[in-house]
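1. the sequence and its predicted three-dimensional model are supplied below.
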Amino acid sequence: MSDPAGHYGDTLPPPGCPAHAQGAGPRRMYGPEADVPYALYETLRKEHGQVAPVLLPGDVRAWFVLGHRENLEVMRTPSLWSCDSRIWNIRLSADSPLLPVTAWQPLLVFADGEEHARLRSAVTDSLARFNRHGVRRYVVRYTDQLVDEFAKAGRADLVADFAQKLPILVLARQFGVPEEDALPLGAAVRDMVKGTETALQSNQYVLTVMSDLVKRRKEKPADDFASWLLAHESALTDEEVMEHLRHAIVAAHENTTNLVANTLRMLLTDRRFRANLSGGTMTLPDALDQVMWDAPPLAMGAARWARRDTRLGEQEIKAGDLVMLGLAAGNVDPEIRPDLGAPVHGNRSHLAFSSGPHECPGQDIGRAIADTGIDTLMARLPDLQLAVSEADLSVTQSLVSSRLNNLPAKFTPRAVGRKGEGAAPAPALGRAQPLPATAPAAPVPPQAPAPAPRRSWWRTLLGRG
């Protein structure tokens, strides 16, 4: 294969080695084939086994891990698989679309050993200070506000009107971002992740918001994630704090948005799924686990690079080779899930949050937002139904995720206020406005009171409780 940039290393074994034993070369992980990812996973598995040679955008050669066990092997063996992209045996061109996810940055996701331990301790210790009950109170508060925005209409797009808004409203409060800046920040994050023509502008906006947050919290610390990172004994630099805030808000918002959207989609389109919930044979946390097996928020995990020549699956991997972790592919590995139709309630051995030293440190917060948010939404709107044919739902596939773009729903119109029982209208949140040049500072809103107990929404569906 030609090398227009002249920078491709010898990242695939020559013809005759195991990767080419069946006469199949590397397949592209972008373009038409990648638009049907699970079919591509099956094809790759048949042609190459649990580890396959692939071509990334720009025809950059890499390895893609399809096996559940092989994914765990890479994740749990940092002595052999590095997160530091500076050891890559390929140099990308300056305009490569892979740069945002592979270029080394001063982040724990690109760190190994002692440096990773230093950075991760600051993040995990700071996340551990989150008040979990307080997080759930804010989820209920913002869910009620969002429902009040569309309750009277009897219709809503649960992606644009709910899944894309709830996580950033809750996360912004915990990070220290003013409430009025939350939705513009969320819109910028989504635009950046989509890779649109304005993605660079959106990335700069996110950087500006986080830089301003660091400056404010250095002058006036508060009870939030930014302040805790700045004060941590790991002595992160201002740049490290800003970069970790940016990375955390992007990862948390994107993953939690996809988790909420995918769970609601399954709830509204899969009768068995909703029946199991309403019948009491599945709890909502169980349902989230099922979704994280079948439709994980991220299809692909952070990359790894081989420290030395080694063997993975049936493939010979060279030192410096790029290895992509197939989270969604590993979750449907027939060696561990021979019957994909069988429920996996309560089984959390999925790969959605990775594993090993780089396992997602904030996974319980994302689960809490999704769990409480969906529960509150369904308690308010127990007769929620899909308003269009399932074929009318739009999904955008990318290298790292499968993003649901719309989820039109209908329900019985209700008065504004909690359960329509005369509560005062919440402040209007509305749709995010065009991105401002800078993020204005504003006082952090006071903590909302705990909501009154309510009956389970799946019991409401059946007229129980």
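-> In hand now; what should we look at?

2. chain neighbours aside, what residue packs nearest to the most centrally placed residue in the chain?
-> Among the residues of the chain, the one closest to the centroid is residue 255, at 1.8 Å (CA atoms, centre = their mean). Once flanking residues are discounted, residue 255 sits nearest to residue 297: 4.0 Å by CB to CB, 6 or more residues apart in numbering. Every residue, glycine included, has its C-beta placed from N, CA and C.

3. check residue 367 too.
-> residue 288 (6.1 Å).

4. before we move on, which element is that neighbour in?
-> helix 284-294 (DSSP states H and E).

5. which parts of that helix are buried?
-> 284, 286, 287, 288, 289, 290, 291, 292, 293, 294 (16 or more other CB atoms under 10 Å).

6. how is the protein carved up into domains?
-> If you go by automatic domain parsing, the domain ranges for the chain are 1-104+299-351, 105-294+364-465.

7. got those domains as a markdown table, with mean pLDDT columns?
-> A markdown table is the format used below for the domains of the chain (pLDDT from 0 to 100):
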| stretch | mean pLDDT |
| --- | --- |
| domain 1-104+299-351 | 84 |
| domain 105-294+364-465 | 84 |
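
8. mind putting those domains into JSON lines with distance to residue 357?
-> Output for these, formatted as JSON lines (distance: least, CB to CB, whole Å):
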{"stretch": "domain 1-104+299-351", "distance to residue 357": "6"}
{"stretch": "domain 105-294+364-465", "distance to residue 357": "7"}
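
9. related to what we said a few turns ago, the residue nearest to the centre of the chain contacts residue 365, correct?
-> No: contact criterion CB atoms under 8 Å: residue 255 and residue 365 do not qualify, at 10.3 Å.

10. ok so, going back, ok, the residue nearest to residue 255 to residue 174 distance?
-> As for residue 297, its distance to residue 174 is 18 Å (criterion: CB to CB, to the nearest Å).

11. also residue 301?
-> Taking CB to CB, one finds residue 301 at 24 Å from residue 174.

12. quick check: pLDDT value at the residue nearest to residue 255.
-> If you check residue 297, the pLDDT there is 92.

13. what sits against it?
-> 254, 255, 256, 257, 258, 259, 262, 352, 366, 401 (CB atoms under 8 Å, 6 or more residues apart in numbering).

14. the residues you listed into TSV, with extra columns for secondary structure?
-> As requested, the contacts of residue 297 are exported to TSV (DSSP: H, G, I helix; E, B strand; the rest coil):
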residue	secondary structure
254	helix
255	helix
256	helix
257	helix
258	helix
259	helix
262	helix
352	coil
366	helix
401	coil
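
15. residue 89 reaches residue 308, doesn't it?
-> No: using CB under 8 Å, residue 89 is not in contact with residue 308, being 11.9 Å away.

16. was I right to think residue 387 contacts residue 409?
-> Yes: here residue 387 lies in contact with residue 409, judged by CB under 8 Å, at a distance of 5.4 Å.

17. among these two, which residue is more densely surrounded?
-> residue 409 (23 against 17; other CB atoms under 10 Å).

18. give me the common contacts of residue 387 and residue 409.
-> Joint contacts of residue 387 and residue 409 (CB under 8 Å, 6+ apart) are residue 155.

19. skipping adjacent residues, who's closest to residue 393 in space?
-> residue 406 (6.2 Å).

20. contacts only, for the one you found.
-> With CB under 8 Å, 6+ apart, residue 406 has these contacts: 157, 159, 160, 392, 393, 394.

21. now, these that are in strands?
-> When the contacts of residue 406 are checked against strands (DSSP state E), the matches are residue 157.

22. ok, of the contacts of residue 406, which one's closest to residue 59?
-> Closest to residue 59 out of the contacts of residue 406 is residue 394 (28.0 Å), distances taken as CB to CB.

23. which residues touch that closest one?
-> Taking CB under 8 Å, 6+ apart, we find residue 394 in contact with 404, 405, 406.

24. quick one: contacts for the closest residue to the first one other than its chain neighbours?
-> What that stands for is residue 404. Leaving aside its sequence neighbours, residue 404 sits nearest to residue 261 (CB to CB, 6+ apart; 4.5 Å). Residue 261 sits next to 158, 159, 163, 164, 403, 404, 407 when contact means CB under 8 Å, 6+ apart.

25. the helices in the stretch 201-350 of the chain, which residues?
-> Using DSSP state H, counting those that start in this stretch, the helices found in the stretch 201-350 of the chain span residues 225-231, 238-269, 271-278, 284-294, 327-331.

26. distance to residue 346 for the ones you listed - can I get that in JSON lines?
-> Putting those into JSON lines (distance: least, CB to CB, whole Å) gives the following:
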{"stretch": "helix 225-231", "distance to residue 346": "30"}
{"stretch": "helix 238-269", "distance to residue 346": "16"}
{"stretch": "helix 271-278", "distance to residue 346": "12"}
{"stretch": "helix 284-294", "distance to residue 346": "5"}
{"stretch": "helix 327-331", "distance to residue 346": "15"}
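
27. tell me the most buried of those helices?
-> helix 327-331 (a mean of 26; mean count of other CB atoms under 10 Å).

28. do you know how far residue 64 is from residue 340?
-> According to CB to CB, residue 64 stands 20 Å off from residue 340.

29. more neighbours, the two?
-> residue 64 (25 against 12).

30. can you read off the pLDDT for the residue nearest to residue 296 when sequence neighbours are not counted?
-> Computed as CB to CB, 6+ apart, the closest residue to residue 296 that is not its neighbour in sequence is residue 352, at 3.9 Å. The model reports residue 352 with a pLDDT of 94.

31. residue 352 touches residue 295, doesn't it?
-> No: Residue 352 lies out of contact with residue 295 (CB under 8 Å); the separation is 9.3 Å.

32. which one of these two has more residues nearby?
-> Neighbour comparison, residue 352 and residue 295: the larger count goes to residue 352, with 25 against 21 (by other CB under 10 Å).

33. next, give me the two most distant ones among the contacts of residue 261.
-> Among the contacts of residue 261, 158 and 403 lie farthest apart (CB to CB), at 13.8 Å.

34. got the buried residues for stretch 26-42?
-> Those would be 26, 27, 29, 30, 34, 37, 40, 41, for stretch 26-42 by 16+ other CB under 10 Å.

35. ok, back up a step: show the backbone phi and psi for the residue nearest to residue 255.
-> phi -60, psi -40 (degrees, to the nearest 10).

36. next one: it from residue 327, what distance?
-> Distance of residue 297 to residue 327, computed by CB to CB: 9 Å.

37. next, show the common contact partners of those two.
-> With CB under 8 Å, 6+ apart as the test, residue 297 and residue 327 both reach residue 352.

38. returning to that earlier point: which of the buried residues of helix 284-294 lies closest to residue 383?
-> Using CB to CB, those come closest to residue 383 at residue 284, 17.7 Å.
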